[in-house]
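**Q** Pasted the sequence and its predicted model underneath.
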Amino acid sequence: MDIKTPIIPPHQQFVKVAAPQELDHQAICIFAATGFFLDTDTYWKNKKVLPAASENTLDENGFLIESKPWFQWHYSPRDISFETALEEFTSLFEQIVGEQAKENKVILPLSGGLDSRTQAVALAKLKKPVTAYSYSFKGGYSESAIGREIAKVCGFDFKEFTIESGYLWPKLEDLASINQCYSDFTHPRQMAVLEEFKNMEGVFSLGHWGDVLFNRGAPEGTNEEDLLEIIIKKIVKKGGMELATALWQEWNLEGDFESYLSERITGLLKKIHIKNPSAKLRAFKSLYWAPRWTSVNLSVFEAAHPITVPYYDDRMCKFICTVPEEYLADRKLQIAYIKQQNPALAKITWQDHRPYNLYTFEKNTSPNNLPYRIANKLKRVLRSKMGKPYIQRNWELQFLGMENDEKLQQWLFEENLHPFLSKPLIARFYNNFKAVDAVKYSHPLSMLLTLAVWKRIID
């Protein structure tokens, strides 16, 4: 059997390989540090994921015989004007969005950013029937306010959802079944409203990965030799290196985790034959981060309705390889597209630069933004003094408070997970979260929860 994977696969496809049926502890350490499995890794040595942009041959028993790339990321910038690049993007993006939607109704998640706003422009222009929605954290920034404005300008139906505290616990086992524990459980907030999704009608149009394709890949002035350090800083979460090192030592693995991670990333970078550091970093992310991190929780949307992902389209990836970096940097193409095709949407607040919009965001520097920043800070402080903390991160809804803590302890400590996870190791990171630094240790705690649930499921 032959299987060809897309340039950015929206699904993980698992295959068997000739190896012992043993846990891949090294791979799990990387998962603990970063929140995703690297390259083709899984929990098991004899189970792999098919690589992105590859042609694969399997035997009749599902074992992988051969895998070879059919596409390689490259940087081949054409000598074109920005206006030409914008025209080409406009034509290609609207073609992809239209073809993916077909005659279906469209369900569009709207955030305060640019990716979904770009989709909104195309869908409105193509006169597609759209139900848009946004969700906000209870006690957090009202992202729905921006989404509602965008929907109103475009003439879309609009729904607003609030993500409540502790939504995870009654849905945790369902989520584990959906994403197979290949992602931590505190990021897919869409799980909180899955039943509401099922009551909607249409196909999802998801804006994932636009912010990577249509932005500079690496900071200005980056050299190729800087990429390893940049990648490690980017993918390793706060507290992730400490957790992975602790697991590495507990499982008595040879060498040390940090060296192993560096060697793996260096090896993968060598396979990307691009000189431009920015383009090379974007290619690395698209090969190894998008399929193993971003794509994993697309399955939550798919549990309700079929999904479409315009920025994942092979044609879009090929287009990106030919656009000069200076046109991709700082979201220039998306900003120009929105301003040109729907100026009213460009005037709505850009969440990352609030209170500014796409015409004024360059003013988001001191001292221009000081009044807003001071007022926003005072609002958060006042809420805190009133016993209403300002929620900014999903883990705060899952791990803070007595009821959440009780559920968390049940999953972490009620069963003996040794030798996979020892109670002293779990207790160390749990206590650090409670008493030392909740922000730093929220990721390790989330990963330990994920691993604990996975172990219970397979047992």
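**A** Nice, thanks for sending it over.

**Q** how long is stretch 288-307 from one end to the other?
**A** End-to-end span of stretch 288-307 (CA to CA, to the nearest Å): 21 Å.

**Q** Which positions in it come out as buried?
**A** Neighbour counts using 16 or more other CB atoms under 10 Å place 288-301, 303-305, 307 of stretch 288-307 among the buried residues. All C-beta spots, glycine's among them, are computed from the backbone N, C-alpha and C.

**Q** I'd like the mean pLDDT over that stretch, please.
**A** The pLDDT scores in stretch 288-307 average 96.

**Q** who touches it?
**A** The set of residues that contact stretch 288-307 without belonging to it, under CB atoms under 8 Å, 6 or more residues apart in numbering, is 8-12, 34-39, 49, 52, 107, 175, 178-179, 182-183, 187-188, 190-191, 194, 197-198, 200-204, 206, 208-209, 212, 235, 268, 309, 312.

**Q** And stretch 408-427, by the same measure?
**A** Outside stretch 408-427, the residues touching it (CB under 8 Å, 6+ apart) are 23, 172, 246-247, 250, 398-399, 430, 445, 448-449, 451-453, 455-456.

**Q** and those residues, which of them are in helices?
**A** When helices are assigned by DSSP state H, the members of these inside them are 172, 246-247, 250, 398-399, 430, 445, 448-449, 451-453, 455-456.

**Q** PyMOL command for the buried members of those residues?
**A** Here the buried members of the ones in helices among the contacts of stretch 408-427 are turned into a PyMOL selection, burial being counted by 16+ other CB under 10 Å:
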select buried, resi 172+246+247+250+398+399+430+445+448+449+451+452+453+455
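
**Q** Now do the SS call for Y288.
**A** When the structure is reduced to helix, strand and coil (DSSP: H, G, I helix; E, B strand; the rest coil), Y288 reads as helix.

**Q** that older thread, looking at the contacts of stretch 408-427, which one is closest to L281?
**A** Of all the contacts of stretch 408-427, L247 has the smallest distance to L281: 27.4 Å, by CB to CB.

**Q** Now do the helices in the stretch 151-300 of the chain.
**A** Assignment of helices within the stretch 151-300 of the chain using DSSP state H, counting those that start in this stretch yields the ranges 172-179, 194-198, 210-213, 227-235, 240-250, 257-270, 277-284, 298-302.

**Q** hey, which of those helices is tucked in deepest?
**A** For the helices of the stretch 151-300 of the chain, average neighbour numbers computed from mean count of other CB atoms under 10 Å are highest in helix 277-284, which has a mean of 24.

**Q** quick check: angle from that helix to helix 257-270?
**A** Using axes from the mean of the first three to the mean of the last three CA atoms, to 10 degrees, the inter-axis angle of helix 277-284 relative to helix 257-270 is 100 degrees.

**Q** neighbouring contacts of helix 277-284?
**A** 73, 75, 212-213, 216-218, 222-224, 226-227, 230-231, 268-269, 272, 274, 320-321, 325, 329.

**Q** I'd like to know how far D174 sits from I163.
**A** For D174, the distance to I163 equals 16 Å [CB to CB, to the nearest Å].

**Q** Kindly report the same for A120.
**A** For A120, the distance to I163 - CB to CB - is 22 Å.

**Q** Between those two, which is the more surrounded one?
**A** Neighbour tally, A120 and I163, criterion other CB atoms under 10 Å: the higher count belongs to A120, 25 against 19.
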